[in-house]
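S.K.: quick one, structure for this:
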Amino acid sequence: MSNRFANGAKAFGYCDVCGFRFDLKKLKNLVVKTKQTQIKACPQCWTPDQPQLLLGTFPVSDPQAIRDPRPDTNTWYSSGVTATGSFGGGSRVIEWGWNPVGGSRSFDAALTPNALAPRGLVGTVTVSTT
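M.R.: Next up is the predicted model:
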């Protein structure tokens, strides 16, 4: 019994994308979403399968919540300003440092005190020509 097709060693074909003539053995099938298409493309037009098209085809588990959590209770008791006016040792001590640096306002100074104090010096510059 003979083969149904010739081997095509010297056959040529046309790229389905650009339309130029190439050796048939150089043309490759395009793959879209892991499926072979019947579109033959030359080496310049051929692109590998795009992995972003496979989003949603595989199950992904990305849990956000924690079962039976234990919150930091230290934040409610020693965070912020103590009775003596110093900062407590809690894990959420607030330091504001924007608009301007050390920018706590008079109305919120008791709620969110700021230890960032701006300091600067003004000096003199002497310019001489030689």
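S.K.: tell me what the lengthiest strand in the chain is packed against?
M.R.: Secondary structure of the chain per DSSP state E: the longest strand is strand 35-41. The contact analysis (3 or more Cβ pairs under 8 Å, 6 or more residues apart in numbering; DSSP states H and E) places strand 35-41 against strand 28-32. Any C-beta I mention is one placed from the backbone N, CA and C, and that applies to glycine too.
S.K.: who touches the longest strand of the chain?
M.R.: Residues from elsewhere that reach strand 35-41, judged by Cβ atoms under 8 Å, 6 or more residues apart in numbering: 13, 15, 16, 17, 27, 28, 29, 30, 31, 47.
S.K.: try 7 Å this time
M.R.: 13, 15, 16, 17, 27, 28, 29, 30, 31 (Cβ atoms under 7 Å, 6 or more residues apart in numbering).
S.K.: cool, and stretch 21-32?
M.R.: 8, 11-15, 36-37, 39-43, 46, 49.
S.K.: which residue ranges of this structure form helices?
M.R.: Ranges of helices within the chain are 74-78, based on DSSP state H.
S.K.: residue 17 against residue 43, yeah?
M.R.: No: using Cβ atoms under 7 Å, residue 17 makes no contact with residue 43, being 11.1 Å away.
S.K.: neighbour-wise, which of those two wins?
M.R.: Comparing residue 17 with residue 43 by other Cβ atoms under 10 Å, the one with more neighbours is residue 17, at 16 against 10.
S.K.: distance of the closest residue to that one other than its chain neighbours from residue 34?
M.R.: Nearest non-adjacent residue to residue 17, counting by Cβ to Cβ, 6 or more residues apart in numbering: residue 45, 3.8 Å away. For residue 45, the distance to residue 34 equals 20 Å [Cβ to Cβ, to the nearest Å].
S.K.: which helix or strand in this structure has the lowest average pLDDT?
M.R.: The weakest-scoring helix or strand in the chain, judged by mean pLDDT, DSSP states H and E, is helix 74-78 (a mean of 52).
S.K.: neighbour count for residue 45 and residue 34, which is higher?
M.R.: residue 45 (18 against 9).
S.K.: good, wrapping up.
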